[in-house]
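> everything below, folded, please.
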Amino acid sequence: EKALQLLPTKKIYDQLDKGSDECQKDNFYITAKGLLNQYNVHHVGSDKILKGLCYVYRNNFPGKSDNDICNFLYYWIGDILYNNLNHRIQFNSVISYLFSNLKNYKVKNCIAPLYYNIIEDKYFKKIKLFFDYSKDYDIYEKQISNKNPTCNKKYYEYLQTYVETYKEFEGECPNKSHSSGYCKAFNEYFDEKIRTNLSKLTCNLQDIKPEAKEAHSQTEEMKEKRLQASGMEGKGETLSTGSEGGREQSAEPPSSLVHPSNEETPEMGSNPPPSYDPPTPTITKSIVTSASAAGLLVPPFLIYNVIIIVNIQQDVLFYI
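Take a look at the predicted model:
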């Protein structure tokens, strides 16, 4: 990430992206806003362009030549307009008027590059990549001084976008005599660069660190254990809970203690199944004994219901 921040395009485009809100009452800003509204530039794109223009208007690029700033500004504005302009045929007109506005208010004497041709509409983003690569190339060459240095995914993808775009047009634009605007841009932007290096710059994409993989594995294992503990392993799935008295116990839904399974349920009108007769727990015996000692006559069906309820509660607690 730090290596990417050293690239000229990252520095300047990031500054333009942040922009400034300090010009809203200035005539320069009001004129530019009216122009963008006139060409129906989408609201989000218009606001972003106005902030970037305000940043330039405040002369926030000390040490940079007007020509450099104008070129960066052209491709930065062009990239936004490309995605936010209803009719791209107006592309050059919008940028030309915005640049004239800068000149009228004695900010920058910017001239838009003439490489972009509306007939070659789809090539604008490619031309922008030519420009960006030509500006970042020297830094890349210093950073990749040895063969295949290790780099992270973001750095690798950023560099490979440049290299693959260069290789795409290397064979199509071999000399300066080509008439297309994009080939003219290609040859002029890379004229002073070492052509063989432009197509070979690369770095060794590093794998995920072993400790990161281990941490990911541990996280997944913990999730699995939490799911098992909360009983979310699957609806109706029997969970083995150990053995008692030589028999394996299983936690089943409490309702199965009172109602038989579907296979055992008799048809309507047939004899009822044998009644469920679980062992009477100690707590139930205590209830009956206490009631008898008090001289109370406890009906058999009441004693039976108490037994059933207590058993269900115990099984539910055991299941939980």
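> how about low-confidence regions in the stretch 201-320 of the chain?
207-320 (pLDDT under 70).
> same deal with the stretch 1-150 of the chain?
Judged by pLDDT under 70, the stretches of the stretch 1-150 of the chain that qualify are 116-120, 146.
> that one: helices as residue ranges?
2-5, 8-18, 27-38, 43-57, 66-84, 91-104, 124-143 (DSSP state H, counting those that start in this stretch).
> out of these, nearest to Y158?
Among the helices of the stretch 1-150 of the chain, the nearest to Y158 by Cβ to Cβ is helix 2-5 (6.2 Å). (C-beta placed from N, C-alpha, C; glycine too.)
> what residues does the closest one touch?
For helix 2-5, contacts defined as Cβ atoms under 8 Å, 6 or more residues apart in numbering pick out K10, K11, Q143, C151, K154, Y155, Y158.
> between those, which is closest to V44?
Nearest member of these to V44, counting by Cβ to Cβ, is K10, at 21.8 Å.
> separation between the closest one and V163?
17 Å (Cβ to Cβ, to the nearest Å).
> again with C203
Counting by Cβ to Cβ, the gap from C203 to V163 is 11 Å.
> ok, now F72?
In terms of Cβ to Cβ, F72 sits 21 Å off from V163.
> more neighbours, these two?
F72 (24 against 17; other Cβ atoms under 10 Å).
> tell me the contacts of the more buried one?
Contact partners of F72, counting by Cβ under 8 Å, 6+ apart, are T9, I12, Y13, L16, K135.
> report the two of the residues you listed separated the most.
Largest pairwise distance in those, by Cβ to Cβ, is 13.9 Å, between L16 and K135.
> the two: who's more crowded?
Neighbours per residue (other Cβ under 10 Å) separate L16 from K135, with L16 holding more: 24 against 18.
> in contact with the more buried one, which residues?
G52, Y55, V56, F72, L73, W76.
> cool, and S100?
Taking Cβ under 8 Å, 6+ apart as the definition, S100 has no contacts.
> tell me how far it lies from L73.
S100 is 13 Å from L73, by Cβ to Cβ.
> what of L36?
Look at L36 and L73: by Cβ to Cβ, they are 15 Å apart.
> with I139 instead?
From I139 to L73 the distance is 20 Å (Cβ to Cβ).
> who has more neighbours out of those two?
The neighbour count for I139 versus L73, taken as other Cβ under 10 Å, is higher for L73 (27 against 16).
> what about the closest residue in space to the more buried one that isn't next to it in sequence, neighbour count?
Distances taken as Cβ to Cβ, 6 or more residues apart in numbering place V56 nearest to L73, at 6.1 Å, with adjacent residues excluded. Look at V56: counted by other Cβ under 10 Å, it has 24 neighbours.
> you'd agree V56 is up against Y74?
No - counting by Cβ atoms under 8 Å, V56 does not reach Y74; the two are 11.3 Å apart.
> if we can go back for a sec, who touches the residue nearest to L73 in this structure?
With Cβ under 8 Å, 6+ apart, V56 has these contacts: L16, I69, L73, L102, V107, K108.
> which ones are touching the second one?
Think I69. Contacts of I69 by Cβ under 8 Å, 6+ apart are I12, V56, F61, K108, C110.
> from the residues you listed, pick the one nearest L129.
I12 (15.4 Å).
> excluding its backbone neighbours, what's nearest that closest one?
Closest to I12 by Cβ to Cβ, 6+ apart is F72, at 4.8 Å.
> distance check, S20 against I77.
15 Å.
> between these two, which one's more packed in?
I77 (22 against 19).
> you'd agree the more buried one is up against I95?
Yes - with contact defined as Cβ under 8 Å, I77 counts as touching I95 (5.8 Å).
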